[in-house]
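Engineer: Sequence plus the predicted model coming up.
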Amino acid sequence: MRIVPFNELRDPHDFFELMEACFNEIAQPEHAAEIQRWDARRKGEFGFGIYSGRTLAAFVGVMDLPVRTRSGNVETALGLHHVATHPAFARRGLARELLDFVHNRGARAGRRFSFLFTNKNWVAYPLYRRVGYEDLRIIGRATPRAVRIFDPGRKRPIRNRTSWADLAYVEALFAELTAGRTGMVVREPGWLNARLRQHKQRRAEVFVDRDGYAATEPDMFGRWIREFLARDRAAFERLLDRIIATGCKGLVDCCVLDPILAGIYSERGFRFRYHTYHALMAKPLAQVSVRQTFGPHFFWTTVDQF
């Protein structure tokens with residue numbers, strides 16, 4: 001068994017085979033370079049794998065996550081992604097060995113925290129708990145998922161139009177609306193545009209108002225709201241009307257952060273689900289407390305998913 005960085009894999013197709021075996025994900029040899037091109041958080045080392053003979057038996061991706069603490073300081077945390085163990089090598093402690101390796105490496109580099117996003121239904125979730133990760137309660141309270149299925153309408157869908165200038169304005173709005181908050185609120189200029197390109201989305205999926213915006217993602221039967229921020233109730237109302245006017249058959253807000261928006265959804269007949277099978281998890285890599293460092297109001301949306 002030997003641990004090697006991504007750029008020293010025996011064959012780039014080894015990573016392809018592992019991702020397909022674990023997640024049914026088609027990862028071409030240029031997969032890592034494409035992600036690193038658009039996501040500024042992944043500009044450094046992509047990750048580490050462990051070989052058993054000639055087979056890439058396990059892999060853990062690493063990235064740098066800029067986060068703001070309650071003191072107002074910005075620091076870099078460790079982020080984990082593409083955590084996978086080949087089914088043929090399951091239950092041999094390989095994932096644990098790789099996690100220990102990247103945790104120790106991150107701690108030596110001065111990282112005080114490690115974050116990862118996962119699904120509670122996956123086999124790996126109990127492992128993350130055993131190695132010290134805990135579920136992070138976003139914004140310090142239950143954040144419901146709002147769902148609405150619309151009756152078929154006869155109105156002609158209205159096309160949303162978003163310009164490059166609108167995306168720049170969104171970045172200014174984000175900085176204003178997250179000022180003073182802790183968590184993943186630090187973004188480089190052009191970050192949202194880069195995310196759209198990474199996921200092959202159009203600018204029109206972002207709805208922009210003078211007092212707010214909604215970053216969405218189309219689906220075959222509806223639309224996902226990934227991030228919805230606004231200065232006041234009127235802006236939430238205007239943006240929601242515009243999203244619905246595009247003719248979507250269903251609408252899901254993945255993480256309702258604002259109580260005003262939750263009230264609007266309730267008035268409009270949305271259904272809420274408070275239990276989630278997904279989890280943003282955090283682990284201290286030093287003698288520090290996640291809650292004391294970030295407080296009870298950690299900010300994160302699914303736009304930041306990694």
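Structural biologist: Perfect, thanks for sending it.

Engineer: which other helices and strands contact the longest strand that the chain contains?
Structural biologist: Determined from DSSP state E, the single longest strand within the chain is strand 55-68. Packing partners of strand 55-68 (3 or more C-beta pairs under 8 Å, 6 or more residues apart in numbering; DSSP states H and E): helix 12-23, strand 47-52, strand 74-85, helix 94-108, strand 182-183. The way it works is simple: take the backbone N, C-alpha and C, and place the C-beta from them, glycine included.

Engineer: Turn the ones you listed into a markdown table, columns for mean pLDDT and distance to residue 257.
Structural biologist: Conversion of those to a markdown table gives the following (pLDDT from 0 to 100; distance: least, C-beta to C-beta, whole Å):
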| stretch | mean pLDDT | distance to residue 257 |
| --- | --- | --- |
| helix 12-23 | 89 | 28 |
| strand 47-52 | 95 | 30 |
| strand 74-85 | 96 | 21 |
| helix 94-108 | 96 | 28 |
| strand 182-183 | 96 | 11 |
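
Engineer: Domains of this protein: list them as residue ranges, please.
Structural biologist: Domain assignment of the chain by automatic domain parsing yields the ranges 2-140+277-304, 145-273.

Engineer: returning to that earlier point: now distance to residue 240 and mean neighbour count too, for the helices and strands packed on strand 55-68, in TSV please.
Structural biologist: Conversion of the helices and strands packed on strand 55-68 to TSV gives the following (distance: least, C-beta to C-beta, whole Å; neighbours: other C-beta atoms under 10 Å):
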stretch	distance to residue 240	mean neighbour count
helix 12-23	33	17
strand 47-52	39	20
strand 74-85	31	21
helix 94-108	40	17
strand 182-183	25	22
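
Engineer: Now render these as a markdown table, adding distance to residue 282.
Structural biologist: Output for these, formatted as a markdown table (distance: least, C-beta to C-beta, whole Å):
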| stretch | distance to residue 282 |
| --- | --- |
| helix 12-23 | 23 |
| strand 47-52 | 19 |
| strand 74-85 | 8 |
| helix 94-108 | 12 |
| strand 182-183 | 10 |
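
Engineer: So which of these is nearest residue 238?
Structural biologist: Distance to residue 238, taken as C-beta to C-beta, is lowest for strand 182-183 among the helices and strands packed on strand 55-68, at 26.9 Å.

Engineer: Please name every helix or strand in contact with that closest one.
Structural biologist: Contacts defined by 3+ C-beta pairs under 8 Å, 6+ apart place strand 182-183 against strand 55-68, strand 298-299.

Engineer: Give the buried residues for the first one.
Structural biologist: The neighbour-count criterion (16 or more other C-beta atoms under 10 Å) identifies 56-68 as the buried residues of strand 55-68.

Engineer: Which member of the residues you listed is positioned nearest residue 290?
Structural biologist: Closest approach to residue 290 among these (C-beta to C-beta): residue 67, at 10.6 Å.

Engineer: For residue 288, see how far away the closest one is.
Structural biologist: To residue 288, residue 67 is 13 Å away according to C-beta to C-beta, to the nearest Å.

Engineer: overlap in contacts of these two?
Structural biologist: residue 113 (C-beta atoms under 8 Å, 6 or more residues apart in numbering).

Engineer: Just give the closest residue to residue 281, not the sequence neighbours.
Structural biologist: Using C-beta to C-beta, 6 or more residues apart in numbering and skipping residues adjacent in sequence, the residue nearest residue 281 is residue 133, 4.0 Å away.

Engineer: starting at the chain centroid, how far to stretch 52-71?
Structural biologist: Relative to its chain's centre, stretch 52-71 lies at 14 Å (C-alpha atoms, centre = their mean, to the nearest Å).

Engineer: Need the CA coordinates for that stretch. PDB is fine.
Structural biologist: Included here for stretch 52-71 are C-alpha records, laid out as PDB according to Å, rounded to 0.1, in the frame of the first residue of the first chain:
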ATOM      1  CA  SER A  52      -3.200  -1.900  -3.600                       C
ATOM      2  CA  GLY A  53      -1.000  -3.400  -6.300                       C
ATOM      3  CA  ARG A  54      -2.000  -1.700  -9.500                       C
ATOM      4  CA  THR A  55      -5.500  -0.700  -8.400                       C
ATOM      5  CA  LEU A  56      -6.400   2.700  -7.000                       C
ATOM      6  CA  ALA A  57      -8.200   1.400  -3.900                       C
ATOM      7  CA  ALA A  58      -9.200   4.600  -2.200                       C
ATOM      8  CA  PHE A  59      -9.000   8.400  -2.700                       C
ATOM      9  CA  VAL A  60      -9.600  11.600  -0.700                       C
ATOM     10  CA  GLY A  61      -9.700  15.000  -2.500                       C
ATOM     11  CA  VAL A  62      -8.500  18.100  -0.600                       C
ATOM     12  CA  MET A  63      -9.100  21.800  -1.200                       C
ATOM     13  CA  ASP A  64      -8.600  25.100   0.600                       C
ATOM     14  CA  LEU A  65     -11.800  26.600   2.000                       C
ATOM     15  CA  PRO A  66     -11.700  30.300   3.000                       C
ATOM     16  CA  VAL A  67     -14.000  30.900   6.000                       C
ATOM     17  CA  ARG A  68     -14.700  33.900   8.300                       C
ATOM     18  CA  THR A  69     -14.700  33.400  12.100                       C
ATOM     19  CA  ARG A  70     -16.700  35.300  14.600                       C
ATOM     20  CA  SER A  71     -13.700  37.500  15.300                       C
END
